[in-house]
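> Below are the sequence and a predicted model for it; my questions follow.
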Amino acid sequence: MAFVEYEKRGHVAIVTLNRPDRLNALGRELSGELRAAENDFATDDDLWVLIYTGTGRAFSAGMDVRDRVEGRTGPGASAPPLPAAIEITKPRIAAVNGLCYGAAFEMTQRMDIRICSEDATFAMPEVARGVVPPTGVFYLPRLIGQSDAFWMMMSAAPVDAATALRMGIVTRVVPGDQLLDTAIEMAEQINKNAPAAVRLVKKLSRLGAEVPLEYGQKIAAREIQEIWTSDDQREGMRSFLEKRAPVWKDHLPPS
């Protein structure tokens, strides 16, 4: 049985963590299959948005503690989850069902959009295991602010879906039977827009969160100018005036 199911629907790819007997824990095999799917998505020009979800009652319980204790994860196990082998510049949506703990929660923090089912719970339990969240300590305070992030990371206490929405962890909470359909609808809404412009929004927004405002605007000026004078810009505005769907040509932002 594959630990990761990988499906393509038009311009949308769907990754489903499929190890329900272990709550989709991020063990060695699952992590390897996940990286392979991410690499395929990143290099396939016909795929524009990637959705992640899980099988059963969990998105993922996080790091496979049994693998760690039994020494199966190898010398790199101190910083799970392992990142994709290459950078993913396209939008990614986490559709979180049920439990989303530890390394899996850290993985979603690096994604662009998160939604969850009404029964979802999020937790950073690392301090209860005697360790720290290796990426969450950097991402979570920027995502939801220091007070809420510190509480989650210092207490190891889970938060429910309603609290996650209030904190800004997720942008929508939906019934479980509507979760994947909602994520696909969101992906299709994104895919109506110019792919190059969407990816440049992701790139520059992440840059803007890391550097001073004036510096970010200065180094982004050339790419913004290129996108504003591109064939897709002309097509987007022409199609708006002609009241028709645009036909996009550029799939990559300026480099």
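Structure received. Residues are numbered from 1 along each chain as shown.
> Now the residue sitting furthest away from the middle of the chain. Its backbone dihedrals?
Among the C-alpha atoms of the chain, the one farthest from their average position, using CA atoms, centre = their mean, is that of Glu242, at 35.1 Å. As for Glu242, its main-chain torsions (degrees, to the nearest 10) stand at phi -90, psi 0.
> now it: how far from Asp44?
Separation of Glu242 from Asp44 (CB to CB, to the nearest Å): 31 Å. No exception for glycine: its C-beta is placed from N, CA and C like everyone else's.
> what does Val137 give?
For Val137 relative to Asp44 (CB to CB), the value is 33 Å.
> Show me the helices in the stretch 1-150 of the chain, by range?
Assigned by DSSP state H, counting those that start in this stretch, the helices in the stretch 1-150 of the chain fall at 28-43, 65-69, 102-109, 136-144, 146-155.
> Just give the nearest non-adjacent residue to Ala220, would you?
The shortest distance from Ala220 to any residue that is not its chain neighbour, by CB to CB, 6 or more residues apart in numbering, is 5.0 Å, and that residue is Leu204.
> Read off the pLDDT value for the closest residue to Gln109 other than its chain neighbours.
The shortest distance from Gln109 to any non-neighbouring residue, by CB to CB, 6+ apart, is to Tyr139 (4.1 Å). Per-residue confidence (pLDDT) for Tyr139: 95.
> doesn't Met107 make contact with Tyr139?
No. With contact defined as CB atoms under 8 Å, Tyr139 does not reach Met107; the gap is 9.9 Å.
> Wait, Arg28 touches Met63, no?
No. Under the contact definition of CB under 8 Å, Arg28 does not touch Met63, with a separation of 10.8 Å.
> And those two? Which one has more around it.
When Arg28 and Met63 are compared on other CB atoms under 10 Å, the one with more neighbours turns out to be Met63, at 26 against 16.
> Could you measure from the more buried one over to Phe240?
In terms of CB to CB, Met63 sits 48 Å off from Phe240.
> again, but for Ala13
For Ala13 relative to Phe240 (CB to CB), the value is 29 Å.
> The two: who's more crowded?
Each of Ala13 and Phe240 has its neighbours counted (other CB under 10 Å); Ala13 has more, 25 against 10.
> residues in contact with the residue nearest to Asp40 when sequence neighbours are not counted?
Beyond its immediate neighbours in the sequence, the residue positioned closest to Asp40 (CB to CB, 6+ apart) is Tyr6, lying 7.1 Å away. Under the criterion of CB atoms under 8 Å, 6 or more residues apart in numbering, the neighbours of Tyr6 are Ala13, Ile14, Val15, Thr16, Ala37, Asp40.
> mind running it again at 7 Å?
Tyr6 makes contact with Ala13, Val15, Ala37, according to CB atoms under 7 Å, 6 or more residues apart in numbering.
> what does Leu179 give?
For Leu179, the contacting residues are Thr53, Ala95, Asn97, Ser117, by CB under 7 Å, 6+ apart.
> Which member of the residues you listed is positioned nearest Leu200?
Distances from these to Leu200 were compared by CB to CB; the smallest belongs to Ala95, at 24.4 Å.
> Please parse this structure into its domains.
Domain assignment for the chain by automatic domain parsing gives 4-191, 195-241.
> would you turn the ones you listed into a markdown table with distance to Lys249?
Output for the domains of the chain, formatted as a markdown table (distance: least, CB to CB, whole Å):
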| stretch | distance to Lys249 |
| --- | --- |
| domain 4-191 | 12 |
| domain 195-241 | 5 |
